[in-house]
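Engineer: Got a sequence here, can you build the structure:
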Amino acid sequence: MSDGGRPHADRRPPPLSEAVSNQMKRMRRASTKPELLIRRELHRRGLRFRINYPALPGRPDIAFTRARLAVFVDGCFWHRCPQHAVMPKNNRDWWEAKLARNVERDREKDVALSELGWEVRHYWEHEDPAAVADEVERTWRHLLTMPPRRCKITT
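Structural biologist: The predicted structure is shown next:
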């Protein structure tokens, strides 16, 4: 198969609107405005972290390696925010499967990170950056005072 081994049913349907297609292509995958606002606030408070840390499952948006805290800033559309998610009208079945898989993948990476001894936090892009920073800082400080967590080893 020349399509990377994926079944034909998983192929992206042709766009019905070139304008919408171009808009979707321009959406950032990393360093979105909400992420930048949260990172700026955390940095202002003196917290230091890794960005899109590739050594961990799911490449957390913000990773505090000493505290083993992984933070994800989830987009309302892509991760199905209960307040703001809107299902596209065109190609609805394809989008339903795509977005459901995104949420499923989120849970898989959460489990993988937890098994590695990491604490995982998710925040929505619409949440107040200062409030998110407050919670992240509290969690970070709490984790630094706890004894080190051990990774689960399965045989």
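
Engineer: average pLDDT for stretch 31-48?
Structural biologist: Averaged over stretch 31-48, pLDDT sits at 95.

Engineer: Distance from the chain centre to that stretch, please.
Structural biologist: 15 Å (Cα atoms, centre = their mean, to the nearest Å).

Engineer: Export it to PDB, keeping only CA atoms.
Structural biologist: These are the backbone C-alpha positions of stretch 31-48, laid out as PDB (Å, rounded to 0.1, in the frame of the first residue of the first chain):
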ATOM      1  CA  SER A  31       3.200  26.900  20.800                       C
ATOM      2  CA  THR A  32      -0.400  28.100  20.400                       C
ATOM      3  CA  LYS A  33      -1.500  31.400  22.000                       C
ATOM      4  CA  PRO A  34      -3.000  29.700  25.100                       C
ATOM      5  CA  GLU A  35       0.200  27.600  25.600                       C
ATOM      6  CA  LEU A  36       2.400  30.700  25.200                       C
ATOM      7  CA  LEU A  37       0.300  32.700  27.800                       C
ATOM      8  CA  ILE A  38       0.500  29.800  30.300                       C
ATOM      9  CA  ARG A  39       4.200  29.300  29.700                       C
ATOM     10  CA  ARG A  40       4.900  33.000  30.000                       C
ATOM     11  CA  GLU A  41       3.000  33.100  33.400                       C
ATOM     12  CA  LEU A  42       4.800  30.000  34.700                       C
ATOM     13  CA  HIS A  43       8.200  31.500  33.600                       C
ATOM     14  CA  ARG A  44       7.400  34.800  35.300                       C
ATOM     15  CA  ARG A  45       6.800  32.900  38.500                       C
ATOM     16  CA  GLY A  46      10.300  31.400  38.300                       C
ATOM     17  CA  LEU A  47       9.300  27.900  37.100                       C
ATOM     18  CA  ARG A  48      11.500  26.300  34.500                       C
END
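
Engineer: wait, is Tyr123 part of a strand?
Structural biologist: Yes. Under DSSP: H, G, I helix; E, B strand; the rest coil, Tyr123 sits within a strand.
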